[in-house]
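Enquirer: Next input, structure requested:
(one chain, ligands or ions: 1)
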Amino acid sequence: MQEGQETYLWWQTGVVYQIYPRSFQDSNSDGVGDLRGIIQRLDYLKWLGIDAVWLSPIYPSPMADYGYDISDYRGIHPLFGTEADFDELLREVHSRGMKLILDLVPNHTSDQHPWFLESRSSRDNPKRNWYIWCDPLPDGSVPNNWLSVFGGPAWEWDESTQQYYYHAFLKEQPDLNWRNPEVQQAMLDVMRFWLDKGVDGFRVDVMWHMIKDEQFRDNPVNPDYQAHMATYEQLLPVYSTDQPEVHDIVRQMRNVLDGYNERMMIGEIYLPIQKLVTYYGIDGKGAHLPFNFQLLSLPWDARQIASAIDQYEGALPPNGWPNWVLGNHDQPRITSRVGMQQARVAAMLLLTLRGTPTIYYGDEICMRDVPIPFEEVQDPQGLNMPDKNLSRDPARTPMQWDDSPNAGFTDAKPWLRLAANYSRENVAVQRNNDLSMLSLYRRLIDLRRNEPALQVGTYTPVYSDMNLVAFKREAEGHDSFLIVLNLSHRPGYFRPQHFPFSGTVEMATYPESEGVSVSDALNLSGDEGLIIRLH
Ligand code: GLC
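Expert: As a prediction, this is how the structure comes out:
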């Protein structure tokens, strides 16, 4: 929906919350979160003001990559519950006026998926061409230089059929051949299966990986590679990702969604802005929200963040609805990247920018990355490159609900250890503290919901310097807001030459500033963020 139009869809006005199901709430004492656990906590999400819940994968899986290696696209992993539990979850989400978004992982299956078992069984199996099989080079070596995101070559030798198969991730995650129309139909049918059940949308895993160069050309070397980086970064994935034909696939997926009422698709895409925005598709018939990861990729620097926001706003196609993300299950938590105080400013930024915000579970209570001892590491990315500190486990630890044993997450041994400080930092404690991160998130979400300027209004950059980012949000016929954020720990002085203003501080990261009348100049403390209702 464009500015000036009066109705906006739920995924434009709403706030999305990502649940990593293994770590949200255990209901059956096995130390792993599950669907019934999520049902128990839905009232919390409603209280927080969440509109849509995105679940990381809950399907049957050998768990080589913790559910991103799927062996049945239409089932529920027994660890998480039953199909009946899922149906109940969907009903309970809907009965609270919320939406449910599932993770769709179309780029690859598990190597235990029946499709792959068939495909690898012989060269003339009808499903052989469902995956990417290549002959070795004459000397027996891999077909090209492509690397796996999780370390090592992206090709795995199959002894019995004497060919290599391609896997962008683990060898237990063979890539599907999306050039094959049968694969396309099979996965579109998976989408229909969940949409028919009433699921509201999908977060599509590694959307930019789905089509690879037809000639399998070598990727060029990355001249900026440094030893601390993942080995995958040694090459630029010019031929293995982001191929033009991927947009035809995205369009087909979109067509399926458009056959239903108000369903949507988020694309997981790590690409620079100019390329990212192409995933909105021609005439906006691609992904509804290509995930915008700039706030988690860029250094936390006011000038870089301000210019990235403006570039992104400028690059959006007509009708392209923006979105913002501070964290997910693959990245260090925001609190660990920028610190506790700055995480409050980051929350204010996330919830005052134009576009749909996605909150990663636990960020609303300031959860930090938890140090997981080497012998407890679970994540294959961490295990495969042990010296590079790339394990994603620290950001996947159990939700901290209260100060009871295991933080109320489980009464068994949790699959991943909890933060040592959970008895001090948890939902129960923070709910009762007006100054907590949780209270800040809840108030920000509430303000956003009640103020059209913040929810759907226009964005205008006002000012930025070494410390500050300032912008204005406006909607015709409603109050306007000036947001001034100090992204540094030092005082920041806001005296824009050409922007006279007066207003009242509606919300602040420090309570002392709230309710204060301000005009034309502001002196901000380090780590201070202000939302000013303009007069
Ligand atoms: C996506 C997921 C990540 C997973 C990978 C392979 O990036 O977010 O967790 O490991 O895809 O499926």
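Enquirer: What's the local residue count around residue 251?
Expert: Applying other Cβ atoms under 10 Å, we find 15 other residues in the vicinity of residue 251. Glycine gets a C-beta too; all of them are placed from N, C-alpha and C.
Enquirer: which residue ranges form the strands in the stretch 301-450 of the chain?
Expert: 323-325, 356-360 (DSSP state E, counting those that start in this stretch).
Enquirer: So which of these is nearest residue 91?
Expert: Closest approach to residue 91 among those (Cβ to Cβ): strand 356-360, 23.3 Å.
Enquirer: Next, the contact list for the one residue in the stretch 1-150 of the chain that gets nearest to the ligand, please.
Expert: Proximity of the stretch 1-150 of the chain to the ligand (Cβ to the nearest ligand atom) peaks at residue 68, 3.3 Å away. With contact taken as Cβ atoms under 8 Å, 6 or more residues apart in numbering, residue 68 is in contact with 56-57, 61, 103, 105, 169, 173, 205.
Enquirer: Any chance of these in TSV with secondary structure, neighbour count and distance to residue 236 as columns?
Expert: Formatted as TSV, these follow (DSSP: H, G, I helix; E, B strand; the rest coil; neighbours: other Cβ atoms under 10 Å; distance: Cβ to Cβ, whole Å):
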residue	secondary structure	neighbour count	distance to residue 236
56	coil	23	28
57	coil	25	29
61	coil	25	31
103	strand	21	27
105	coil	29	24
169	coil	25	18
173	coil	25	22
205	coil	20	21
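Enquirer: Any chance of these in JSON lines with distance to the ligand and pLDDT as columns?
Expert: As requested, the contacts of residue 68 are exported to JSON lines (distance: Cβ to the nearest ligand atom, whole Å; pLDDT from 0 to 100):
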{"residue": "56", "distance to the ligand": "7", "pLDDT": "98"}
{"residue": "57", "distance to the ligand": "9", "pLDDT": "98"}
{"residue": "61", "distance to the ligand": "11", "pLDDT": "98"}
{"residue": "103", "distance to the ligand": "8", "pLDDT": "98"}
{"residue": "105", "distance to the ligand": "6", "pLDDT": "98"}
{"residue": "169", "distance to the ligand": "4", "pLDDT": "98"}
{"residue": "173", "distance to the ligand": "6", "pLDDT": "98"}
{"residue": "205", "distance to the ligand": "5", "pLDDT": "98"}
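Enquirer: what are the ranges of the helices in the stretch 301-450 of the chain?
Expert: Secondary structure of the stretch 301-450 of the chain by DSSP state H, counting those that start in this stretch: the helices cover 302-315, 334-338, 340-350, 380-384, 427-431, 437-450.
Enquirer: Can you give the distance of stretch 160-169 from its chain's centre?
Expert: 29 Å (Cα atoms, centre = their mean, to the nearest Å).
Enquirer: Can you give me the first-to-last residue distance of it?
Expert: 22 Å (Cα to Cα, to the nearest Å).
Enquirer: what comes into contact with that stretch?
Expert: Residues contacting stretch 160-169 (Cβ under 8 Å, 6+ apart): 65, 68-69, 107-108, 120, 122-123, 131-136, 142-143, 146, 148-150, 154-158, 173-175, 206, 209, 212, 240-241.
Enquirer: in stretch 424-439, what counts as buried?
Expert: 425-431, 436-438 (16 or more other Cβ atoms under 10 Å).
Enquirer: mind listing the helices in the stretch 151-300 of the chain by residue range?
Expert: Going by DSSP H, counting those that start in this stretch, the stretch 151-300 of the chain shows helices at 181-197, 246-258, 273-276, 294-297.
Enquirer: wait, what's in contact with residue 473?
Expert: Applying Cβ under 8 Å, 6+ apart to residue 473 gives the contacts 352, 354, 453-454, 457-460, 480-481, 483.
Enquirer: And for residue 31?
Expert: 410, 412-415.
Enquirer: Kindly reformat those as CSV containing neighbour count.
Expert: What follows is these, written out as CSV (neighbours: other Cβ atoms under 10 Å):
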residue, neighbour count
410, 24
412, 13
413, 10
414, 20
415, 22
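Enquirer: Can you get me a residue count around residue 132?
Expert: 25.
Enquirer: what about the nearest residue to residue 262 once chain neighbours are set aside, how many neighbours?
Expert: Leaving aside its sequence neighbours, residue 262 sits nearest to residue 9 (Cβ to Cβ, 6 or more residues apart in numbering; 5.9 Å). Per other Cβ under 10 Å, the neighbour tally for residue 9 reads 12.
Enquirer: And residue 9, how far from residue 32?
Expert: 34 Å (Cβ to Cβ, to the nearest Å).
Enquirer: check contacts around residue 332.
Expert: Contacts of residue 332 by Cβ under 8 Å, 6+ apart are 369, 394-395.
Enquirer: switch the cut-off to 10 Å
Expert: The contact partners of residue 332, by Cβ atoms under 10 Å, 6 or more residues apart in numbering, come to 296, 338, 368-369, 389, 392, 394-395.
Enquirer: For the ligand, what is the nearest residue in the stretch 401-535 of the chain?
Expert: residue 416 (14.5 Å).
Enquirer: Could you give the number of residues near that residue?
Expert: Neighbour number of residue 416 under other Cβ under 10 Å is 19.
Enquirer: one step back: mean neighbour count and mean pLDDT for the strands of the stretch 301-450 of the chain - can I get that in TSV?
Expert: Below are the strands of the stretch 301-450 of the chain laid out as TSV (neighbours: other Cβ atoms under 10 Å; pLDDT from 0 to 100):
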stretch	mean neighbour count	mean pLDDT
strand 323-325	23	98
strand 356-360	24	99
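Enquirer: out of the ones you listed, nearest to residue 21?
Expert: From the strands of the stretch 301-450 of the chain, taking Cβ to Cβ, the stretch that ends up closest is strand 356-360, at 13.3 Å.
Enquirer: Spatially, what comes nearest to residue 434 if we skip its sequence neighbours?
Expert: residue 511 is the one closest to residue 434 (Cβ to Cβ, 6+ apart), at 7.5 Å.
Enquirer: Mind pulling up the pLDDT for that neighbour?
Expert: Per-residue pLDDT puts residue 511 at 94.
Enquirer: residues near it, how many?
Expert: 11.
Enquirer: For it, give me the backbone phi and psi.
Expert: With angles defined as degrees, to the nearest 10, residue 511 sits at phi -60, psi -30.
Enquirer: need the contact list for it.
Expert: When contacts are counted by Cβ under 10 Å, 6+ apart, residue 511 touches 434-435, 440.
Enquirer: One more: residue 308?
Expert: Residue 308 neighbours (Cβ under 10 Å, 6+ apart): 273, 292, 294-295, 297-298, 301.
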